[in-house]
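Colleague: give me the fold of what follows.
(one chain, ligands or ions: 1)
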Amino acid sequence: MKKNVRKAVIAGNWKMNKTRPEAKALIEAMKPLVSDAGCEVVICTPYTNLETAVEMTEGTNIKVGAENVHFEKSGAFTGEISADMLTEIGVEYVIIGHSERRQYFGETDETVNKRTKAALSAGLKPIVCVGELLWERECNITEEVVGRQIKLDFYDVSAEDIKKCVIAYEPVWAIGTGKTATAEQAEEVCAFIRGKLADLYGNDVAQAVTVQYGGSMNAGNAAELLSKENIDGGLIGGASLKAPDFAEIVKAATNG
Ligand code: PEP
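Modeller: Numbers count the residues shown, from 1 in each chain. Predicted structure coming up:
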């Protein structure tokens, strides 16, 4: 299976941005700009904007995702949101294990694994983030770090289920810093991830999984990154907050 038969996914990660009026304006501006996309278009918004986003994108090609999900179904977990709570309002995707959650909120590979399995059980499509710190890259252990994350984050996830997952390779040093991995660096690690999936699940499954790059992807650099064989889309932070920039990336994925 080749890149052109895998599903390209361009997903915006709004992080902790956009009040409801701001979210409405951004979605309104985005809708006509991405309506002819040849890839999957996803916006992952703060919890408070999810229902608005689902309502406003009904009947369009834009899918809605959350930025996190808890692994238990219900109970005494103050401040948390379950997978069923997301699906009941029409959310389809969820970002899991973003480096900001790993860095600032104690997310571990074990909790990423639990969240991934909970999301899959509820019918959500997880976008699971992996990636190395700058120090780890400098120590030449990027593959060791990312390989370990793939193994642990997808522990006990079946071959059928992994095909429903999107893997976002996000070098931590490139997120929100303006420093993008070169297309060659990004392709090298995305190809490594596919090889790791082939070890774990076999080549057919590995070829079917969407692997994104994320880290300061923007309207200017998207086309080159997305032209690479193993880069099937992007997880976009800053540039997803401006409709024309996000639409330019969607266009690059459509062409790439
Ligand atoms: C992200 O938040 O996943 C991300 C890649 O952010 P940015 O595009 O701003 O680097």
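Colleague: beta partners of whichever residue of the stretch 1-150 of the chain sits closest to the ligand?
Modeller: Of all residues in the stretch 1-150 of the chain, N13 sits closest to the ligand, at 4.2 Å by C-beta to the nearest ligand atom. Just so you know, the C-beta spots here come from the backbone N, C-alpha and C atoms, and that holds for glycine as well. Beta bridges link N13 to C44 when assigned by DSSP bridges.
Colleague: near the ligand, which residues of the stretch 51-200 of the chain?
Modeller: E170, I175, G176 (C-beta under 6 Å from any ligand atom).
Colleague: P126: which element?
Modeller: According to DSSP states H and E, P126 maps onto strand 125-130.
Colleague: next: A168.
Modeller: Per DSSP H and E: A168 is located in strand 166-169.
Colleague: list the buried ones in the helix or strand following that strand?
Modeller: Reading on from strand 166-169 to the C-terminus, the next helix or strand found by DSSP H and E is helix 183-201. Buried positions in helix 183-201, judged by neighbour count with 16 or more other C-beta atoms under 10 Å: 183, 185-190, 192-197, 200-201.
Colleague: quick one: the residue of the stretch 1-150 of the chain closest to the ligand and S240 touch, right?
Modeller: Yes. Under the criterion of C-beta atoms under 8 Å, N13 makes contact with S240 at 6.3 Å.
Colleague: on the three-state scheme, E229 is what?
Modeller: Secondary structure for E229, judged by DSSP: H, G, I helix; E, B strand; the rest coil, is coil.
Colleague: distance of the residue nearest to G214 when sequence neighbours are not counted from V157?
Modeller: Leaving aside its chain neighbours, G214 sits nearest to L235 (3.4 Å; criterion: C-beta to C-beta, 6 or more residues apart in numbering). To V157, L235 is 19 Å away according to C-beta to C-beta, to the nearest Å.
Colleague: the more surrounded of the two?
Modeller: Taking other C-beta atoms under 10 Å, L235 and V157 do not tie; L235 has more neighbours (27 against 19).
Colleague: looking at this structure, which residue lies furthest from center?
Modeller: A76 (28.2 Å; C-alpha atoms, centre = their mean).
Colleague: which ones are touching N61?
Modeller: V34, S35, A37, V41 (C-beta atoms under 8 Å, 6 or more residues apart in numbering).
Colleague: can you select the buried ones among those for me in ChimeraX?
Modeller: To isolate in ChimeraX the members of the contacts of N61 that are buried, counting by 16+ other C-beta under 10 Å, one can use:
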select :34,37,41
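Colleague: so which of the contacts of N61 are in strands?
Modeller: V41 (DSSP state E).
Colleague: coming back round to it: pLDDT score assigned to the residue of the stretch 1-150 of the chain closest to the ligand?
Modeller: N13 carries a pLDDT score of 98 in this model.
Colleague: can I assume L120 is in contact with K163?
Modeller: No. Taking contacts as C-beta under 8 Å, L120 lies outside contact range of K163: 10.6 Å.
Colleague: what ranges do the helices span in the chain?
Modeller: Using DSSP state H, the helices of the chain run over 20-34, 47-57, 83-87, 99-104, 109-122, 134-138, 142-153, 159-162, 183-201, 203-208, 222-226, 243-255.
Colleague: make JSON lines out of the ones you listed and add distance to A8 and mean pLDDT.
Modeller: Converted to JSON lines, these look like this (distance: least, C-beta to C-beta, whole Å; pLDDT from 0 to 100):
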{"stretch": "helix 20-34", "distance to A8": "13", "mean pLDDT": "98"}
{"stretch": "helix 47-57", "distance to A8": "19", "mean pLDDT": "98"}
{"stretch": "helix 83-87", "distance to A8": "23", "mean pLDDT": "98"}
{"stretch": "helix 99-104", "distance to A8": "22", "mean pLDDT": "97"}
{"stretch": "helix 109-122", "distance to A8": "21", "mean pLDDT": "98"}
{"stretch": "helix 134-138", "distance to A8": "26", "mean pLDDT": "95"}
{"stretch": "helix 142-153", "distance to A8": "20", "mean pLDDT": "98"}
{"stretch": "helix 159-162", "distance to A8": "18", "mean pLDDT": "98"}
{"stretch": "helix 183-201", "distance to A8": "13", "mean pLDDT": "98"}
{"stretch": "helix 203-208", "distance to A8": "13", "mean pLDDT": "96"}
{"stretch": "helix 222-226", "distance to A8": "7", "mean pLDDT": "97"}
{"stretch": "helix 243-255", "distance to A8": "5", "mean pLDDT": "96"}
